[in-house]
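> Here's a sequence, model it:
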Amino acid sequence: MNDTIVAIATPPGQGAIGIVRLSGPGSRGIGLGLFHPSRKGFSDFGPYRLHHGQLRDSAGNFIDDILAAWMPGPRSFTGEDVLEFQCHGGGAILRRVVEECLLRGARLAAPGEFSKRAFLNGRMDLTQAEAIMELVGAPTGVAVGLAGSKLEGLLAQRIAELRASLENLRVQLCVAVDFPEDEVECLAPQDLQRGVSAVREAMAELAGNYDRGRCWREGALVVLAGQVNAGKSSLMNAILGVSRAIVTDIPGTTRDYLEESVQLDGLPVRLVDTAGLRASQDSVEMLGIERSRELMSRADLVLLVIDAELGPGAEDLDLAGQLDNLLVVANKMDLVAGQPGWFAEGPWKDKDIRPLSAKHGQGLPGLLGAVRSRVAGAGAPEPGTLVPNLRQHDALTRAMQELALLLDDLACGQPYDILAVRLDAACALLGEITGEITSEDVLNAVFDGFCIGK
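Numbers count the residues shown, from 1 in each chain. Purely as a prediction, here's the structure:
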């Protein structure tokens with residue numbers, strides 16, 4: 001925290017603008033050593049202004065024509081002195097600028113170190129720091145809105161409210177424990193039960209938003225499965241609108257999975273075409289089938305593609321009995337007159353079956369609508385909905401477990417000092433979410449996932 005870090009803050013590749021960012025006590029001195037102003041009379045960087053000039057190395061060689069922005073701490077992103085060079089966006093230029101900064105005493109920033117310093121300097125809490133990464137990686141406008149709510153501090157505010165409610169209950173328990181002989185008003189067991197239950201229900205509602213909002217933030221995994229030659233690759237090509245997967249009459253063409261991204265009316269979907277299921281002695285094909293089954297176990301939805309003319313096989317029956325997240329697609333309906341008889345037989349009569357001709361696109365809009373409905377439910381979260389990420393959801397779940405154990409202990413007549421320990425643990429877990437109570441390992445795990453320069 002006492003040294004000066006530097007990194008390229010814009011994505012790799014060519015562009016009109018590329019930014020090199022410095023943060024730390026040496027930022028201004030390093031910048032003045034490189035910067036040659038175009039304005040006469042320049043003596044120092046004015047704060048929160050753009051300064052035009054050139055960057056030159058120690059030998060006076062031209063590097064780039066740039067704009068420099070100086071933001072002294074603590075009123076900066078990191079809370080430290082920050083200097084940014086807005087250069088032309090060529091990779092060679094930006095690397096040269098970074099090298100010159102390193103020669104003048106800066107060191108290369110670690111992934112997420114700018115945001116980590118902002119957190120450690122009190123410029124943001126941990127939920128806001130994580131929201132930055134979610135905002136950068138947001139695949140849709142809905143995901144941008146979800147990240148924006150957390151960046152504004154709304155999730156931290158909600159967590160603080162829940163924690164304050166628990167702290168209030170804890171104070172009342174401590175009064176009863178510390179002054180048992182005094183005539184002070186003590187929290188009745190039924191009032192404690194109501195208070196804890198109310199907080200736990202609020203936490204459960206917040207944690208429930210994780211599953212409802214995850215597919216909008218991270219994208220849903222939809223796997224195409226079924227027997228060989230059922231038309232999985234044809235269906236994938238039809239959904240994508242391009243000939244992405246190889247389609248032939250030869251069974252077992254797809255031996256490995258093929259993944260592409262698509263948006264269904266704003267919903268990001270990772271669409272995966274998998275190896276056809278069948279008994280095989282081919283070691284390569286068997287490996288592909290194993291990967292198919294592993295992907296199905298993680299999928300938000302499995303599209304079981306069945307040849308409508310041939311009907312389901314043994315592998316299809318196995319999947320129908322094993323998976324709940326299943327949507328049956330009866331493909332090649334253009335080869336069938338009327339509704340196939342197997343629709344009303346065995347386990348299939350209770351399944352949602354979508355007739356389709358991937359070759360001609362018949363039934364495709366209805367299928368895509370069903371996919372979106374099954375994955376996203378009622379639709380996109382309302383603006384301002386607070387959706388915790390996986391780490392935050394895990395901490396909420398563990399806090400809820402502590403409160404559930406507290407209610408069990410209360411019902412068994414455990415003394416208040418034991419119950420207070422449960423409240424302490426739940427409060428600490430809520431503190432982990434915002435970073436008020438957290439370990440260095442947790443911080444490293446959060447910020448190591450950031451890009452360098454953020």
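> Okay, and Ile306 sits in which element?
Element membership for Ile306, per DSSP states H and E: strand 301-307.
> Adjacent strands (with direction) for that strand?
According to DSSP bridges, strand 301-307 has the following sheet partners: strand 220-225 (parallel), strand 326-331 (parallel).
> Quick one: mean pLDDT for stretch 294-311?
Averaging pLDDT along stretch 294-311 gives 86.
> And for stretch 17-35?
95.
> Report the buried residues of that stretch.
18-24, 26-28, 30-35 (16 or more other CB atoms under 10 Å). For every residue, glycine as well, the C-beta is placed using N, CA and C.
> Am I right that Gly41 is in a helix?
No. Counting by DSSP: H, G, I helix; E, B strand; the rest coil, Gly41 falls outside a helix, being coil.
> any idea how far Pro72 is from it?
According to CB to CB, to the nearest Å, Gly41 stands 21 Å off from Pro72.
> Compare those two (neighbour count), which wins?
The neighbour comparison of Gly41 against Pro72 (other CB atoms under 10 Å) goes to Pro72, with 15 against 5.
> how about that one, phi and psi?
Per-residue torsions, Pro72: phi -70, psi 150 (degrees, to the nearest 10).
> Same question for Ser357.
Taking degrees, to the nearest 10, you get phi -120, psi 100 for the backbone angles of Ser357.
> number of nearby residues for it?
21.
> One more: Leu135?
The number of residues packed near Leu135 is 16, by other CB under 10 Å.
> Backbone dihedrals for it, please?
Dihedral angles of Leu135 (phi, psi; degrees, to the nearest 10) stand at phi -70, psi -40.
> sorry, back to before: can you list the strands paired with strand 301-307 in JSON lines and add distance to Glu436?
JSON lines is the format used below for these (distance: least, CB to CB, whole Å):
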{"stretch": "strand 220-225", "distance to Glu436": "33"}
{"stretch": "strand 326-331", "distance to Glu436": "43"}
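> could the ones you listed go into JSON lines alongside mean pLDDT, mean neighbour count and distance to Asn2?
Formatted as JSON lines, those follow (pLDDT from 0 to 100; neighbours: other CB atoms under 10 Å; distance: least, CB to CB, whole Å):
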{"stretch": "strand 220-225", "mean pLDDT": "89", "mean neighbour count": "24", "distance to Asn2": "44"}
{"stretch": "strand 326-331", "mean pLDDT": "89", "mean neighbour count": "24", "distance to Asn2": "57"}
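> Can you pull out the low-pLDDT segments for the stretch 351-454 of the chain?
Scanning the stretch 351-454 of the chain for pLDDT under 70 picks out 378, 438-439, 441-442, 452, 454.
> now the strands for it?
353-355 (DSSP state E, counting those that start in this stretch).
> ditto for the chain
5-8, 18-23, 35-37, 50-56, 62-71, 82-87, 107-108, 220-225, 258-264, 267-273, 301-307, 326-331, 353-355 (DSSP state E).
> If you count neighbours, what's buried in the longest one?
So that's strand 62-71. By 16+ other CB under 10 Å, the buried positions in strand 62-71 come out as 63-64, 66, 68-71.
> per-residue confidence at Gly41?
On the pLDDT scale, Gly41 is placed at 80.
> can you check the one 4 residues further on too?
Here the pLDDT value assigned to Phe45 is 92.
> Repeat that for the one 10 residues further on.
pLDDT, the model's per-residue confidence, is 95 for Leu55.
> domain assignment for this structure?
Listed domain ranges for the chain are 5-109, 136-214+389-447, 219-376 (source: automatic domain parsing).
> Nearest to Glu382 among the ones you listed would be which one?
Closest to Glu382 of the domains of the chain is domain 136-214+389-447 (CB to CB; 9.3 Å).
> Tell me how far the closest one lies from the chain's centre.
For domain 136-214+389-447, the distance from its own C-alpha centre to the chain's C-alpha centre is 22 Å (CA atoms, centre = their mean, to the nearest Å).
> Span of that domain from start to end?
Using CA to CA, to the nearest Å, one end of domain 136-214+389-447 lies 14 Å from the other.
> what do you get for stretch 130-145?
For stretch 130-145, the end-to-end distance is 14 Å (CA to CA).
> for stretch 75-85, same thing?
18 Å.
> what's the answer for stretch 64-79, then?
Taking CA to CA, the first and last residues of stretch 64-79 lie 28 Å apart.
> which residues touch it?
The contact list for stretch 64-79 (CB atoms under 8 Å, 6 or more residues apart in numbering) reads 23, 28, 31, 35, 45-55, 80-88, 93, 96-97, 114, 117-118, 121-123.
> What are the buried residues along stretch 397-406?
399-400, 402-403, 406.
> what's in contact with that stretch?
Stretch 397-406 is contacted from outside by 196, 199-200, 203-204, 207, 419, 422-423, 425-426, 429-430, using CB under 8 Å, 6+ apart.
> could you redo the last one with a cut-off of 6 Å?
The contact list for stretch 397-406 (CB atoms under 6 Å, 6 or more residues apart in numbering) reads 196, 200, 203, 419, 422, 425-426, 429-430.
> Write a ChimeraX command that selects only the buried members of the contacts of stretch 64-79.
Burial among these is assessed by 16+ other CB under 10 Å; the matching ChimeraX selection reads:
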select :23,28,31,35,45,51,53,55,80,81,82,83,84,85,86,87,93,96,97,114,117,118,121,123
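> tell me what the biggest helix by length in the chain is packed against?
In the chain, assigned by DSSP state H, the helix with the most residues is helix 189-218. If you count contacts as 3 or more CB pairs under 6 Å, 6 or more residues apart in numbering; DSSP states H and E, helix 189-218 packs onto helix 141-151, helix 154-178, helix 390-411.
> quick one: average confidence on that helix?
What helix 189-218 shows for mean pLDDT is 89.
> Tell me the buried residues in it?
Within helix 189-218, the residues that count as buried by 16+ other CB under 10 Å are 192, 195-196, 199-200, 203, 206-207, 209-210, 213-218.
> same thing with stretch 311-324?
Using 16+ other CB under 10 Å as the test for burial, stretch 311-324 gives 312-313, 315-316, 319-320, 323.
> Farthest pair within the residues you listed?
Gly313 and Leu323 (15.6 Å).
> Run the chain-centre distance for stretch 106-120.
Centre-to-centre, stretch 106-120 and its host chain are 21 Å apart (CA atoms, centre = their mean).
> Hmm, Ala358 is touching Asn331, no?
Yes. Contact criterion CB atoms under 6 Å: Ala358 and Asn331 qualify, at 5.5 Å.
> And Lys240, how close does it get to Leu303?
Actually, residue 240 is Leu. It isn't Lys. As defined by CB to CB, Leu240 lies at a distance of 14 Å from Leu303.
> Neighbour count for the two, which is higher?
Set side by side, Leu240 and Leu303 show more neighbours around Leu303, with 28 against 15, by other CB under 10 Å.
> Contacts only, for the more buried one.
Neighbour list for Leu303: 224, 327, 329 [criterion: CB under 6 Å, 6+ apart].
> try it again with 10 Å
Going by CB atoms under 10 Å, 6 or more residues apart in numbering, Leu303 touches 222-226, 232, 235-236, 239, 271-273, 326-329, 331, 354, 356, 367, 370-371, 374.
> That concludes my questions; thank you for your assistance.
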